[in-house]
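J.: after the sequence you'll find the predicted model.
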Amino acid sequence: MAKKKFNIDALWKVERLGAPSLCPDGAQAVCALSRYDMAENKGQTSLWLLSTLGGQPRALTHAGEKDAQPRFSPRGDLIGFVAKREQEGRKDDEPQFYVIPPDGGEARRVGHVATGVEAFKWFPDGKRVALISWVRPELKGAAAQAKAHKAFKARKETGYATSEATYRYWDHFIPQGRVPHLLVLDLSTGKTTDLFEGTAYELTRCDPDAHAFDISPDGRRIVFAQDPSPLKPVDARLALTEIDLRSRRFTEVARDPEWDFGHPRYSPDGDHVAFTASHQGRKHTMPRQLAVCPRSGGRWDVVSAEWDHEVDGPLHWEEDGQAVLFIAEQRGRSHLWRFDLPDRRAEIVVEGGTLSSFDKTAGTLVTLGDTADHPSRLHAHLPGEAPRRIESFNDALLGGYAFGAHEERWITGALGDKVQMWVFYPPGFDKKKKYPVLHTIHGGPHTAPGDHWHYRWNYKLFASQGYVVINVNYHGSSSFGNAFLDSITHRWGELELQDIEAATDWVLKQPWADRRRVFATGGSYGGYMVAWMNGHVKPGRYAAYVCHAGCYDWTAMFADDAYAWHAKELGAWYWNDQAKVNAQSPHAFAGAMKTPTLVIHGALDYRVPDQQGLAYYNTLKALGVEARLLWFPDENHWILKPRNSKLWHEEFFGWLAAHDPGPKKKA
Ligand SMILES: CSCC[C@H](NC=O)C(=O)N[C@@H](Cc1ccccc1)C(=O)O
């Protein structure tokens, strides 16, 4: 039977797997699975149990709207997770900690944290968990927190008052007057103890998660990353601190104002701590490297200093304490690596595509990874065996659709450097025919998508609409070494444009490219690039642009949540050198803009505030340049609701079609 053309409705039928957690003997894994309903316009996330030894996955929970962060207890007798549920006549108004036995039955809430549970980690004894909750630091005791939180939620005022440098992050405001503390929850009593109560300690205010701390193997200590500065800026230099749970004494493990530390993990013997370390005092573009130090403090050692890659957390010690596992990018892909500590050498353990998560226990490794051809899949890697896929979610769905091929190419870009370009062909591609070409310019700029399944910029979905899709990992992209990433610093727009234009030149030399039908689109930094192109590329080279959540005016961008980074990247604060900032800012070149542009923005986007898109759209209208605006009052940087995503795709491809002269008529 002929395969269908992949479309946005099919993309939203894809079931999305979350990070896996293995049981102590490695025989089972639990993960979250998210499903979406276009008609209902919403998603639902439940927990699934999978065998690493074969057999079909089994749904573990059904009742929750969004059961998240499942983790096996150290004894394997329970699975802990975070959820907002209605149970025993009580509706959670904040996410709570739940447990469920792996052989099924009903999940039960453990205790009640009035200010909610953000994330958790099991204690080795399986009788307690350490959890993160946003509390009012001036109060003492759970009852006072509950009383204050209830009063705050009942207030009639809506104003948000703050004196903090960091008050919002990506798409949400930092909870007013609250900071993230570490609490211990005793499963037998449901009682919590706030470990930071009465102190100035707190975890990062920028999306604190379970990798911001670790519990020692003997359960007596917790090491956590914290910002010693009272200002708590978004570009903080975190230090590592340890609390002894019996004495409640805090001791410094690693701190250096030149460095930013994160993702602490105790070694199996508890004597050392591995962590990520970025030499921010040297330059803001310095990568996260792997470091290790004695738990008792003393000199820490950047063991991956000679390895020109960026280490992603979380870190995972091998059981022998001789190596650390982590995910890191390399040339537009991301792999699972093993870093041998004595040899200071990294080797790939599992190759991506794009690996996003893993867990290892009792010699069994489980990985979660995708490629441009398929969404995330779970594989078990048992000693001496070939990797085995342990689920088949989406196979039946995707098997009914036709997908084109994709390839990695290298072109000569700016500075004469080799630059990676990914090319995604439409199904049934025939090089003797002519095709429209669609640039999808990635964001960041310090990212490097490539062999990856994305839920908005899905290369295969875009190619299925009949385009040859191009993704250039331009200068400034990650995964090609620090010099390449840092090459654009203080000159944003310059080298990236040369790379994108070199790619278009390559395209125009291809017999299958229809030079009348070349389009450029991009999101965030990619949106910045298409706005930049509108002021710098000869009109007519591109038939039309699409600018999603694009940075347009770097001075006005100071309203974003990342303003602390601007001077480091652009080379000046706008009030000190407006010319230098304007020289990298699309708005300063508006007079040259002539190419029709669809502008898309979400009102809840605080990384690139929607005024950026509105200003760009208004400017094009004032210039008499053909433009269209798609604005979402209830979306952030990413357009997460199914029906809004479908509208995004309809407007996106409708805009391209409206500016597509179509295939040349045969003479
Ligand atoms: C370097 S500051 C921005 C951090 C982050 N980039 C990672 O590579 C990011 O949020 N990038 C935005 C674009 C942007 C750049 C500078 C300031 C605000 C937003 C993105 O592309 O998503």
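T.: On my side now, so go ahead.
J.: use CA for all of it now, contacts and neighbours both
T.: OK.
J.: backbone dihedrals for the nearest residue to residue 570 once chain neighbours are set aside, please?
T.: Among residues not flanking residue 570 along the chain, residue 490 sits closest, at 4.2 Å (C-alpha to C-alpha, 6 or more residues apart in numbering). The phi and psi values for residue 490, taken as degrees, to the nearest 10, are phi 70, psi 10.
J.: isn't residue 490 right up against residue 573?
T.: No: with contact defined as C-alpha atoms under 8 Å, residue 490 does not count as touching residue 573 (11.3 Å).
J.: circling back: tell me how far the residue nearest to residue 570 lies from residue 259.
T.: 22 Å (C-alpha to C-alpha, to the nearest Å).
J.: and residue 163, by the same measure?
T.: Distance from residue 163 to residue 259, counting by C-alpha to C-alpha: 26 Å.
J.: comparing the two, which shows the higher neighbour count?
T.: residue 259 (20 against 8; other C-alpha atoms under 10 Å).
J.: close enough to count as contact, that one and residue 281?
T.: Yes: judged on C-alpha under 8 Å, residue 259 makes contact with residue 281 at a distance of 6.2 Å.
J.: returning to that earlier point: so who does the residue nearest to residue 570 touch?
T.: Contact analysis of residue 490 by C-alpha atoms under 8 Å, 6 or more residues apart in numbering lists 568, 569, 570, 571.
J.: look up the closest residue to the last one, ignoring the ones flanking it.
T.: Spatially, and ignoring its direct neighbours in sequence, residue 571 is nearest to residue 490 (4.6 Å; C-alpha to C-alpha, 6+ apart).
J.: pLDDT score assigned to the one you found?
T.: Looking at residue 490, its pLDDT stands at 98.
J.: against which helices or strands is the lowest-mean-pLDDT helix or strand in the chain packed?
T.: Lowest by mean pLDDT, DSSP states H and E among the helices and strands of the chain is strand 86-87, with a mean of 84. Judged by 3 or more C-alpha pairs under 8 Å, 6 or more residues apart in numbering; DSSP states H and E, strand 86-87 is in contact with no other helix or strand.
J.: interface residues of this protein facing the ligand?
T.: 443, 444, 445, 446, 447, 524, 525, 562, 565, 607, 608 (C-alpha under 6 Å from any ligand atom).
J.: could you flag which of the residues you listed are buried?
T.: 443, 445, 446, 447, 524, 525, 562, 607, 608 (16 or more other C-alpha atoms under 10 Å).
J.: so the third one is in which element?
T.: In this assignment (DSSP states H and E), residue 446 forms part of neither any helix nor any strand.
J.: now do the helices in this structure.
T.: 8-13, 142-154, 395-398, 459-464, 482-486, 494-508, 525-536, 563-570, 578-582, 611-623, 642-658 (DSSP state H).
J.: export these as CSV, with columns for mean pLDDT.
T.: Formatted as CSV, these follow (pLDDT from 0 to 100):
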stretch, mean pLDDT
helix 8-13, 98
helix 142-154, 97
helix 395-398, 98
helix 459-464, 98
helix 482-486, 98
helix 494-508, 98
helix 525-536, 98
helix 563-570, 96
helix 578-582, 98
helix 611-623, 98
helix 642-658, 98
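J.: how about the ones you listed in JSON lines, adding distance to residue 293?
T.: Conversion of the helices of the chain to JSON lines gives the following (distance: least, C-alpha to C-alpha, whole Å):
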{"stretch": "helix 8-13", "distance to residue 293": "45"}
{"stretch": "helix 142-154", "distance to residue 293": "35"}
{"stretch": "helix 395-398", "distance to residue 293": "45"}
{"stretch": "helix 459-464", "distance to residue 293": "42"}
{"stretch": "helix 482-486", "distance to residue 293": "24"}
{"stretch": "helix 494-508", "distance to residue 293": "39"}
{"stretch": "helix 525-536", "distance to residue 293": "37"}
{"stretch": "helix 563-570", "distance to residue 293": "29"}
{"stretch": "helix 578-582", "distance to residue 293": "41"}
{"stretch": "helix 611-623", "distance to residue 293": "44"}
{"stretch": "helix 642-658", "distance to residue 293": "46"}
